Structures are given as C-alpha cells and as structure tokens.
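**Q** heads up, no residue letters with this:
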C-alpha cells in the first residue's frame, strides 16, 4: 500500500512538472495510446486538423470516479450523452484552470448536440480542497470526477501531462489521440463534431 501511494505521488509530481503545455506543437510528441491494429474507422476532417480514429475496446469502458463530495460514478456516466469530452486537469496547472470557464461555455453549447464534458481531476485525491476552490472560482458546473480504482492508473498512463483531453464514446472507446495542451473553443467544437461523425 505504501509503495502504491509513493508511486501515485511520484506520478502526480511528474504530471505537474511535465504538464501544463499550451503549445499545439507538443501534441505531435504524444505517444499513441492504442496500437494501429486496433483502429476500426478512419475519418478526415478535411480542414487540416487531421484524422480522428475510432478505437475499439479501450479500457475506459470500465471508467469509474467520484465527485469531491464522494458520490460514485461508473461507466454508465458515459451513456448519458452520445459523446464525452474528458478534460484531465490538476490544481497545479495554470493553463488547465485558465481554460475551465471556456469549457463551461462549451459544455452548455454542445449538450444539445449530444456532447457532455467531464473534468477528471488528476490530483483530486490529495488536493480535494484546492480542487473545489478552483471549481467554485471558475464557475464550472459540468461534472468533475476523481478517477478511482483501475481508472486512476489508466488516466495516468494516458495523461502524462496536463491538460489532456479525450473524446470517448458511450462504450468507453477513445476517438483519436489524446489532445495535449489547451485548444480554443472553436477548435474543441470542431473536434467534437468530427468525433460525432466518426461514431
């Protein structure tokens, strides 16, 4: 148990040190999460933003987390909308916090298209009070969860820097590669709509 706690603390420290990338160029250095052999469908946006790949049977099918108040959620939370945009952030990442009011606006605008946003608090287990203050100060109302169980390890494997954003379908399949760094509202909107087309 002690080794596990130390491991998580070390990973959290690495996230804080490596993360907070605001440069779109950094995305190119993100390693693929799933091998190409698992790709089911390829679509191209045609606008220069690249392709989105629909990937099969990814482990987020068992996603689980809980709110800062201790309310538990399982993979059924992904079925509440057609597409889930997961934004992984930490309390030590200024760029993460900076984009949260914009994500709140985006959440209200995309819900009618079947897209929900879920914040995933990477250091929420150890910084719950700080996380709550950030949520309150940014006016965020979309669901924010601290990953639990196996999901915690999976999230750390995917989001080795923050902010990292994922598009996930109702079955927990990740669409495209992780998006490392901050994007504009228009870019996120375009990516969400392209992900919807891939379903």
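**A** Received it, and whenever you're ready, just let me know what you need. Keep in mind the model is a prediction, meaning the values are calculated, not measured.

**Q** what about stretch 83-101, average pLDDT?
**A** Over the span of stretch 83-101, the pLDDT mean works out to 97.

**Q** buried ones in that stretch?
**A** Applying a neighbour-count criterion of 16 or more other CB atoms under 10 Å, the buried positions in stretch 83-101 are 83-93, 96-97, 99-100. In short, each C-beta sits where N, CA and C put it, glycine included.

**Q** Restricted to helices, list those.
**A** When DSSP state H is applied, the buried residues of stretch 83-101 are split such that 96, 97, 99, 100 fall in helices.

**Q** Make JSON lines from the residues you listed and add distance to residue 63 to it.
**A** As requested, these are arranged in JSON lines below (distance: CB to CB, whole Å):
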{"residue": "96", "distance to residue 63": "20"}
{"residue": "97", "distance to residue 63": "23"}
{"residue": "99", "distance to residue 63": "22"}
{"residue": "100", "distance to residue 63": "21"}
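
**Q** of all these, which comes closest to residue 182?
**A** Residue 182 lies nearest to residue 99 out of these, by CB to CB, at 5.0 Å.

**Q** Report the separation between the closest residue to that closest one other than its chain neighbours and residue 102.
**A** Ranked by CB to CB, 6 or more residues apart in numbering and with sequence neighbours excluded, the top spatial neighbour of residue 99 is residue 182, at 5.0 Å. Taking CB to CB, to the nearest Å as the criterion, residue 182 is separated from residue 102 by 9 Å.

**Q** who has more neighbours, the two?
**A** Just comparing residue 182 and residue 102: by other CB atoms under 10 Å the higher neighbour count belongs to residue 182, 20 against 15.

**Q** my read is the more buried one is in a helix, agree?
**A** No - residue state for residue 182 (DSSP: H, G, I helix; E, B strand; the rest coil) corresponds to coil; a helix is not indicated.

**Q** what's the spacing between it and residue 192?
**A** Counting by CB to CB, the gap from residue 182 to residue 192 is 15 Å.

**Q** Likewise for residue 142?
**A** Distance from residue 142 to residue 192, counting by CB to CB: 13 Å.

**Q** Who has more neighbours out of the two?
**A** Comparing residue 142 with residue 192 by other CB under 10 Å, the one with more neighbours is residue 192, at 23 against 18.

**Q** I figured the more buried one hits residue 113, correct?
**A** Yes - assessed by CB atoms under 8 Å, residue 192 is found in contact with residue 113 at 7.5 Å.
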